[in-house]
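**Q** Here is a sequence with its predicted model. Questions after.
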Amino acid sequence: MRPLAPGDIRLLRIEAGTRPAPIRTTLGHMSLDSLPAYDALSYCWGPEGEDLPIICDDQKLFVRQNLFKALPFLRLADRERVIWIDAVCIDQKNEKEKTQQMGHMKLIYERASQVVIWLGTDPGADKRGFAMLENFNRAIAINNKYVYDLEGSYEDGLLPPVESSAWTALIKLFRRDWFFRVWVIQEAVSAKNLSVVCGNLSVNWQHIVQVSRVCRETGLLGGYTTESPVRGTHSAAVIDLLKSPGNGVTLLKLLALTRCYKATDPKDKVFALLDIASDGGSFEKYDYAHSTKHVFYSVAHRSLFQKKPFACLSSAGLSTTPRELQLPTWVPDWTNPNDNRVVIADSDCFSAAKTTTADWQICSDEKTLRIRGYAIDTISSINDSINEVDEELTNPALPVEFARVMLSGKRKMESWDKLIARAFGRVIDPTPKGLAATAMKYFTGVSPIPAPVVPEREEALWRTACCDLTPTGERAPARYAGGAQVYRMAFRLTDNNGVVHRWMADKALFDRHHFDARNYATAVRKYCTGRNLCVTRRGRLGNVPHSVSKVGDKICIFKGGDVPFVLRDVGNGYHQLVGECYVHGIMDGELMSQGNITSYEQDFWIR
């Protein structure tokens, strides 16, 4: 491949034609200062394997199968198409050229007449999925309330009932690999015009955005929750956020938002976001000559000089995935999904260290981070319930699946109750109604009323379960107390077969807090994923990294930090960072005003 001159890019010209004629193309060099009209392709490369040939400049050029399948649909019948495709227009074997061209990517997609998103082909599923996109947008055009009240659209007949297989077809659309590729964020954000293509079908990008907004507001898509197979809507929501005027997002927040996204080269987990991050200029620029370990360490190091120096630590720590890069525990490994934990500190709602000033130092070995802070508590008990992301594609609204979901929730509620009982003790309601409820619970597994709990502890429990946050990252409102009651009531009324005995429900409570319960349930799913409830030695409730937190781990607040962290003493004066956590009653700097707080102050040497 002929080398590019500085400031040049390659453009691919696809000759006009129709099937079954082979794809014929030519590659030309063009200056960024004098580009013709062209389109750009946003797609997923797909797995390495048996590459297939197209004709380029009268020679065979081998491309991956996903691109090979896309080209016949991108070719126009009556005229040539000029298009930029990264796999073809960049010499992928030339690290120096890749580094140079990465610096032009944002500009290339900005200047394109149209960016085409290629999702692949699956004729049957594509047709039903695209039909659902049209139905969605038709319903919202009739009444915008359906963005917030999805159930109203079922009742009005504008969308099919939650049991319909049409929802599964829509879900399959959002499970396409494109939605989980990190480079697509920059490509879509930079585009002036976006179209989404599946084979012969196409739709405007705004149709995708509307669905993502519904998911953001309701936490649901039909009977599916957005933490399960519908996570593709998350990518659309991130793109929607970044395309909205005035919504600058820092690199660390983007890295956390795209943690589970994929990249062929792990360094691209960072490089793909630099040009669209509001503070991207503060970090080391692209250089494919560097190792992945160097790139990740550099991000963590430079983030310590930011306004919120410990923001990077909220994405770091231990997880159930092995740390293959062998980075210090205070440096996030962005190839590691971190047990799908959402970063609590990104809400910007907390100030655990109040107005104290951060005090830190990277030691000469470049492995050890010294931080000044307070060891304020230790974990004394952890519940054994794990809220995992369910990747199954079976519709949860179907009776068998619904029973499975309710039984899972029932077990989680029971594990919470056991944790509270171990920590604080519980009392049986001695009234006839209370005794009857206890007997019913014993024989059927159903309890229409909870055993009495001290109100402060009940509030501590519901706020801790959702980390005191709404699904969109604001502080949880007081009305969520009613939503939490409805949420817990639903599982208490579930028997051991997963059947919900609705006739025993408090209808007045349900009617008042139905939407609060839905939002609260979404928040619990979001913030409990990858976390466990715990009780500390001083009787506080917390939400800590699951499976890696242990009894005896320290709860610490770093000077200048927003949230507490779990640390583990590993001997010889050193600690490992387990991860950020929520501990009820200390998130707003309550401990900083206590006269004896200085007695807990110390240096932590974290490796």
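**A** Noted; the coordinates are in hand.
**Q** Please enumerate the strands of the stretch 501-607 of the chain.
**A** 531-536, 541-545, 554-558, 565-571, 574-580, 582-583, 601-606 (DSSP state E, counting those that start in this stretch).
**Q** Other residues contacting the fourth one?
**A** By C-beta atoms under 8 Å, 6 or more residues apart in numbering, the list of residues contacting strand 565-571 from outside reads 313, 317-318, 375, 379, 544-545, 549-550, 553-558, 575-581, 604, 606-607. Bear in mind the C-beta positions are built from the backbone N, C-alpha and C, glycine included.
**Q** chain center to it: distance?
**A** On the basis of C-alpha atoms, centre = their mean, to the nearest Å, strand 565-571 sits 27 Å off its chain's mean C-alpha point.
**Q** Buried residues, it. List them.
**A** Phe565, Val566, Leu567, Arg568 (16 or more other C-beta atoms under 10 Å).
**Q** Farthest pair within those residues?
**A** Spanning the widest gap among the buried residues of strand 565-571 are Phe565 and Arg568, at 10.5 Å by C-beta to C-beta.
**Q** list the helices and strands the longest helix along the chain packs on?
**A** For the chain, the helix with the greatest residue count under DSSP state H is helix 399-424. Judged by 3 or more C-beta pairs under 8 Å, 6 or more residues apart in numbering; DSSP states H and E, the packing partners of helix 399-424 are strand 369-382, helix 455-465, helix 480-492, strand 531-536.
**Q** looking at the strands of the stretch 501-607 of the chain, which is closest to Thr18?
**A** Thr18 lies closest to strand 531-536 among the strands of the stretch 501-607 of the chain, at 54.8 Å (C-beta to C-beta).
**Q** That closest one pairs with which strands?
**A** strand 369-382 (antiparallel), strand 541-545 (antiparallel) (DSSP bridges).
**Q** quick one: contacts of the last one?
**A** Residues from elsewhere that reach strand 541-545 (C-beta under 8 Å, 6+ apart): 317-319, 339, 341, 379, 382, 423, 457, 460-461, 464-465, 467, 527-528, 530-536, 553, 555, 566, 578-584.
**Q** Buried among the residues you listed? Make that a PyMOL selection.
**A** Those of the contacts of strand 541-545 that count as buried under 16+ other C-beta under 10 Å are selected in PyMOL with:
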select buried, resi 317+318+319+339+341+379+382+423+460+461+464+465+467+527+528+530+531+532+533+534+535+536+553+555+566+578+579+580+581+582+583+584
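**Q** quick one: Arg488 and Ala521, what's the gap?
**A** As for Arg488, its distance to Ala521 is 10 Å (criterion: C-beta to C-beta, to the nearest Å).
**Q** tell me the most buried of the helices and strands packed on helix 399-424?
**A** Highest mean neighbour count among the helices and strands packed on helix 399-424 (mean count of other C-beta atoms under 10 Å): strand 531-536, with a mean of 25.
**Q** Show me where the protein dips below the pLDDT cut-off.
**A** For the chain, the stretches with pLDDT under 70 are 123-125, 146-153, 227-230, 386-393, 425-455, 503.
**Q** If you drop the residues flanking it in sequence, what lies closest to the residue nearest the centre of it?
**A** Most central in the chain under C-alpha atoms, centre = their mean is Leu257, positioned 5.0 Å from the mean C-alpha point. Leaving aside its sequence neighbours, Leu257 sits nearest to Val238 (C-beta to C-beta, 6 or more residues apart in numbering; 5.4 Å).
**Q** Could you say which helix or strand holds that neighbour?
**A** helix 232-243 (DSSP states H and E).
**Q** Beyond that helix, next helix or strand please.
**A** By DSSP H and E, the next helix or strand past helix 232-243 is helix 251-257.
**Q** For the closest residue to Phe558 other than its chain neighbours, list the residues it contacts.
**A** Nearest residue to Phe558, sequence neighbours excluded (C-beta to C-beta, 6+ apart): Gly373, at 3.9 Å. Neighbouring residues of Gly373 by C-beta under 8 Å, 6+ apart: Ala353, Cys556, Ile557, Phe558, Lys559, Gly561, Glu601, Gln602, Phe604.
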